[in-house]
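1. No sequence on hand, only this structure:
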């Protein structure tokens, strides 16, 4: 599930469900761990900034994940994949893709967060992270055609 395009330093929050073999809500007997991969690359996974709350609000089978994006691992312009590893539910090992998100890696988020419209003139706040379809000309953002 794609969670959205977040701004640098934000906090990602989401829930996921765990069930036993009969489909009933059940917490893992062994929690497993939640890992975040950068740009789908193996060997990049970390648990930095990740908090897992099993039985969220006392509800069996409802798990809550919070990811603090303020760590240097979480960079602008990247996509991230959240994976559950080695949880034990109903005697079975569970590995599961939980979620995906990005950090200022979609055009509308970049435009919203790096351009400010003042009296009809668009000024660039941060030219180093402008997408390739926009360049800066002095202090103005200019669309690049072609």
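-> Good, I have the coordinates. The structure displayed is predicted, hence computed values, not measured ones. Numbering: from 1, shown residues only.
2. Can you pull the phi/psi pair for the residue nearest the centre of the chain?
-> The residue lying closest to the centre of the chain (CA atoms, centre = their mean) is residue 101, at 3.3 Å. Torsion angles at residue 101 (phi, psi; degrees, to the nearest 10) stand at phi -150, psi 170.
3. Give the bridge partners for it, please.
-> With DSSP bridges as the criterion, residue 101 is bridged to residue 80.
4. Pull up the gap between it and residue 55, please.
-> From residue 101 across to residue 55, the span is 24 Å (CB to CB, to the nearest Å). No exception for glycine: its C-beta is placed from N, CA and C like everyone else's.
5. The residue nearest to the centre of the chain contacts residue 12, doesn't it?
-> Yes - here residue 101 reaches residue 12: they are 5.6 Å apart, a contact under CB atoms under 8 Å.
6. Report the set of residues contacting both of those two.
-> Here residue 101 and residue 12 have 3, 6 as joint contacts, going by CB atoms under 8 Å, 6 or more residues apart in numbering.
7. Nearest residue to residue 81 in space, ignoring adjacent ones along the chain?
-> Spatial nearest neighbour of residue 81, excluding adjacent residues (CB to CB, 6 or more residues apart in numbering): residue 37 at 4.5 Å.
8. Contacts for the strand or helix carrying the one you found next, please.
-> For residue 37, the element it lies in under DSSP states H and E is strand 33-38. Here strand 33-38 makes contact (CB under 8 Å, 6+ apart) with 44-50, 52, 65, 67, 73, 75, 78-86, 98.
9. Let's see that with 7 Å instead.
-> Contact with strand 33-38 is made by 44-47, 50, 52, 65, 67, 78, 80-86, as judged by CB atoms under 7 Å, 6 or more residues apart in numbering.
10. Show me how the chain divides into domains.
-> Split into domains by automatic domain parsing, the chain comes to 2-103, 107-143.
11. Pick out the most distant pair among the contacts of strand 33-38.
-> Pairwise distances across these peak at 25.0 Å for 78 and 86 (criterion: CB to CB).
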